[in-house]
Structures are given as structure tokens and as C-alpha cells.
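Visitor: sequence-free structure coming up:
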């Protein structure tokens, strides 16, 4: 049972690490692809969307890919 919990915790941290990498890119470049108004947004707006981008990186990535095609 401890092994299963350890694997789940590892998967969670990998998800968060990938989310952090995606969110840093998304906050500075990707968000303006979804909404043109974000390109003129101040730094504190970008800071506010960072936590949500970390947790919701997978749906945001899917939305960016679908929008591009």
C-alpha cells in the first residue's frame, strides 16, 4: 500500500513540475494566443493566473492545440 501511495505522490509531483514549466511559458507567451488582451496585461495579472495555469495546464494545452488547428 505504501508503494502505491508513493507512486501516486510521484505522479502528482511530476504533474505539478510539468504544470510549472507550462505555466511559465503560458503566462508570458501562450495566454496572449488565447486572448489578445492579455498581451497588454500588467505583470500582476500574469502573477495572478500563474497558480491556475499550473493546476490546469493540461486543459489549457489542449485548448491551445485545438485553437491552432
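Guide: Arrived safely. All of these numbers come straight from a predicted model, not from anything done at the bench. Residues are numbered from 1 along each chain as shown.

Visitor: shaky segments in the protein?
Guide: Across the chain, the ranges flagged by pLDDT under 70 are 69.

Visitor: now the helices for it?
Guide: Secondary structure of the chain (DSSP state H): helices at 2-25, 31-34, 43-55, 57-68.

Visitor: now for the first one, which elements pack on it?
Guide: The one in question is helix 2-25. If you count contacts as 3 or more C-beta pairs under 8 Å, 6 or more residues apart in numbering; DSSP states H and E, helix 2-25 packs onto helix 43-55, helix 57-68. Glycine gets a C-beta too; all of them are placed from N, C-alpha and C.

Visitor: what angle do the last one and helix 43-55 make?
Guide: Using axes from the mean of the first three to the mean of the last three C-alpha atoms, to 10 degrees, the inter-axis angle of helix 57-68 relative to helix 43-55 is 100 degrees.

Visitor: what's the angle from helix 57-68 to helix 2-25?
Guide: On the basis of the same axes, to 10 degrees, helix 57-68 is oriented at 40 degrees to helix 2-25.

Visitor: Which neighbouring elements make contact with helix 57-68?
Guide: helix 2-25, helix 31-34.

Visitor: buried stuff in that helix?
Guide: 57, 60-61 (16 or more other C-beta atoms under 10 Å).

Visitor: With the longest one instead?
Guide: Counting neighbours by 16+ other C-beta under 10 Å, one finds that the buried residues in helix 43-55 are 49, 53-54.

Visitor: Find the residue closest to residue 32 in space, skipping its chain neighbours.
Guide: In this structure, residue 32 finds its nearest non-sequential neighbour in residue 39, 4.0 Å apart by C-beta to C-beta, 6 or more residues apart in numbering.

Visitor: Wait, the one you found touches residue 29, no?
Guide: No. Using C-beta atoms under 8 Å, residue 39 makes no contact with residue 29, being 9.6 Å away.

Visitor: which residues does residue 50 contact?
Guide: 23-24, 27 (C-beta atoms under 8 Å, 6 or more residues apart in numbering).

Visitor: For it, give its distance to residue 23.
Guide: Using C-beta to C-beta, to the nearest Å, we find residue 50 at a distance of 6 Å from residue 23.
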